[in-house]
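> Take a look and give me a structure for this.
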Amino acid sequence: MTKPPLAGLKVLELGELVAGPFIGTLLGEFGAEVIKVERPGRGDVLRQFGPMVDGESLYWKVNGRNKKSVVLDLETASGRTVLGELIARCDVMINSLRPGTMEKWGFTEEGLKASFPGLVIVYVSAFGRTGPKASEGGYDPIAQGFSGLSDLTGEAGGPPMRAGGCIPVCDFMTGVAGALGAVLSLYGRARDPGARGQSVDIALYDVAFRMTAPLLSYFDLFQEVWSRSGNHSLGGAPTGHFLTSDDRWVCVSVQNDEQFRRLAQLVDRSDWLVDSRYADSASRTQNRELICREFADWARLQTRDELIESFDRRGLVAGPINDVADLATDPHLAARGYNWIQDDEIGEYRTPDIVPRLSASPGSVRCPAPALGADTLDVLKRELSYSDAACARLLSEGAFGVSGVDQRTD
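Next up, the predicted model:
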């Protein structure tokens, strides 16, 4: 195995919860050294997010891996001094603090670019750095609502819903796009020896809007608002989720004429093939409520496994709607989905495998999610060459707050 592709890269992470920190997670999994700056006392809110086990957040355990935790009180002058020195030693800075926060502390984009011309700055915010809403904060549900994603999610005639339920899908998508932006910027800097660093601007709603945007194009042309339609696809029928005889759910998607012909043979409905309402994909889409009801009657007579197997034999596509208990026993997920972790604090559990999977230089989990402030003194001494006396002085000046860092300097 070759050296990790981002080995030697230094990343400074400023932010909480998922979107910005997930950028750091992804870069860290492929070899970057990620130094996460956290507030004293509480640290990243992600440490208290989602299901908790013995006071530990599983979202933090899974997504905080491959990072070093440094506690700094950035309301203090000495804390901000340390932050500036850390920025000077990093290739990438991730800033997902509320817009204006870093500027309030004296770290403007213009100043950072002048002082550190090679620095790549990834800005993550609810609405981006330009436009009327640039100064506003927001979380995943706000981004989903703004992008149109929530309005398109839910049953026809029902209320809009948050896509993914409790899972912050915009946050994770933003993290992926932000990591791509960082790597593209670094690639551009590496290709041109005279190139400077650049800033990356990614908003929580950006990727969701990229998905819904064609429906805005449709509105431009026809002045028609595309409405939510449950689990149907944009086109084709039958599509959606169907209940089987063993009270399990399957997802079915029949998209083209050849697939529909095979389905009609499978369910013994040759009449569908001569019914003008089902003549082509456009007609089936227009009449999908009817054909989905007819297909649902057949599906309700099959077990979930029987339906999926019969579809597979005919080159059709159907899949299970898994709950977490299904995931726990799924053989495909066991083969390429996760790794077992023995955690001294909460026991043995599974964590997701690293994606994407690179053949020659795959990512790795080099260290577990750190305790709050666990690496503060080590980073200051190793990265900034601070002496014990200098660390003690920072402690007395409140740079680390009143807690959250091992106060021993030896």
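
> Break down the stretch 151-300 of the chain into its helices, ranges please.
With DSSP state H, counting those that start in this stretch, the ranges of helices along the stretch 151-300 of the chain come out as 169-191, 206-222, 257-266, 281-286, 288-299.

> Which elements pack onto the last one?
Counting contacts by 3 or more Cβ pairs under 8 Å, 6 or more residues apart in numbering; DSSP states H and E, the secondary-structure elements packed against helix 288-299 are strand 239-243, strand 249-253. Glycine gets a C-beta too; all of them are placed from N, C-alpha and C.

> what's the closest of these to Asn322?
Nearest of the helices and strands packed on helix 288-299 to Asn322, taken as Cβ to Cβ: strand 249-253 at 9.1 Å.

> returning to that earlier point: just so I know, which of the helices and strands packed on helix 288-299 lies nearest Pro132?
Minimum separation from Pro132 across those (Cβ to Cβ) falls at strand 239-243, 37.8 Å.

> Let me have the helices and strands packed on helix 288-299 in JSON lines, extended by mean neighbour count, mean pLDDT and distance to Leu394.
What follows is the helices and strands packed on helix 288-299, written out as JSON lines (neighbours: other Cβ atoms under 10 Å; pLDDT from 0 to 100; distance: least, Cβ to Cβ, whole Å):
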{"stretch": "strand 239-243", "mean neighbour count": "19", "mean pLDDT": "95", "distance to Leu394": "57"}
{"stretch": "strand 249-253", "mean neighbour count": "19", "mean pLDDT": "96", "distance to Leu394": "55"}
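
> what about the stretch 1-150 of the chain, any weak spots by pLDDT?
Per-residue confidence for the stretch 1-150 of the chain (pLDDT under 70) gives these ranges: 1.

> Which parts of it are helices?
Using DSSP H, counting those that start in this stretch, the helices of the stretch 1-150 of the chain run over 19-29, 58-63, 77-88, 101-104, 109-115, 140-147.

> Quick check: buried residues in the longest one?
Going back to what we said before, that points to helix 77-88. Buried positions in helix 77-88, judged by neighbour count with 16 or more other Cβ atoms under 10 Å: 78-80, 82-84, 86-87.

> ok so, going back, would TSV of the helices of the stretch 151-300 of the chain with mean neighbour count and mean pLDDT be doable?
Formatted as TSV, the helices of the stretch 151-300 of the chain follow (neighbours: other Cβ atoms under 10 Å; pLDDT from 0 to 100):
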stretch	mean neighbour count	mean pLDDT
helix 169-191	19	95
helix 206-222	14	94
helix 257-266	16	95
helix 281-286	16	91
helix 288-299	17	94
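
> Compare the ones you listed and report which one is nearest to Val250.
Once the helices of the stretch 151-300 of the chain are compared by Cβ to Cβ, helix 288-299 is nearest, at 7.0 Å.

> what inclination does the closest one have with respect to helix 257-266?
Interaxial angle, helix 288-299 versus helix 257-266 (axes from the mean of the first three to the mean of the last three Cα atoms, to 10 degrees): 40 degrees.

> Residues contacting the helix or strand just after helix 288-299, please?
Sequence order places helix 304-313 as the next helix or strand after helix 288-299, per DSSP states H and E. Residues from elsewhere that reach helix 304-313 (Cβ atoms under 8 Å, 6 or more residues apart in numbering): 242, 244, 246, 248-250, 252, 266, 299, 302, 317-320.

> change it to 7 Å
244, 246, 248, 250, 266, 299, 317-320 (Cβ atoms under 7 Å, 6 or more residues apart in numbering).

> Now rank these by neighbours and give me the top one.
Per-residue neighbour counts (other Cβ atoms under 10 Å) across the contacts of helix 304-313 peak at Ala299, which has 23 neighbours.

> picking that back up, could you identify the pair within the buried residues of helix 77-88 that is furthest apart?
Based on Cβ to Cβ, the longest span within those runs between Ser78 and Ile87 and measures 15.2 Å.

> Tyr123 is in contact with Asn95, isn't it?
Yes. Between Tyr123 and Asn95 there is a contact under Cβ atoms under 7 Å: 5.4 Å.

> what's the closest of the contacts of helix 304-313 to Glu29?
Gly319 (27.3 Å).

> what pairs with the closest one across the strands?
Cys251 (DSSP bridges).

> Distance of it relative to Ile291?
Applying Cβ to Cβ, to the nearest Å, the value for Gly319 to Ile291 is 20 Å.

> Please apply the same query to Ile23.
Distance, Ile23 to Ile291, using Cβ to Cβ: 44 Å.

> Serialize the helices of the stretch 1-150 of the chain to JSON lines and add fields for distance to Tyr349.
As requested, the helices of the stretch 1-150 of the chain are exported to JSON lines (distance: least, Cβ to Cβ, whole Å):
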{"stretch": "helix 19-29", "distance to Tyr349": "17"}
{"stretch": "helix 58-63", "distance to Tyr349": "7"}
{"stretch": "helix 77-88", "distance to Tyr349": "32"}
{"stretch": "helix 101-104", "distance to Tyr349": "34"}
{"stretch": "helix 109-115", "distance to Tyr349": "39"}
{"stretch": "helix 140-147", "distance to Tyr349": "24"}
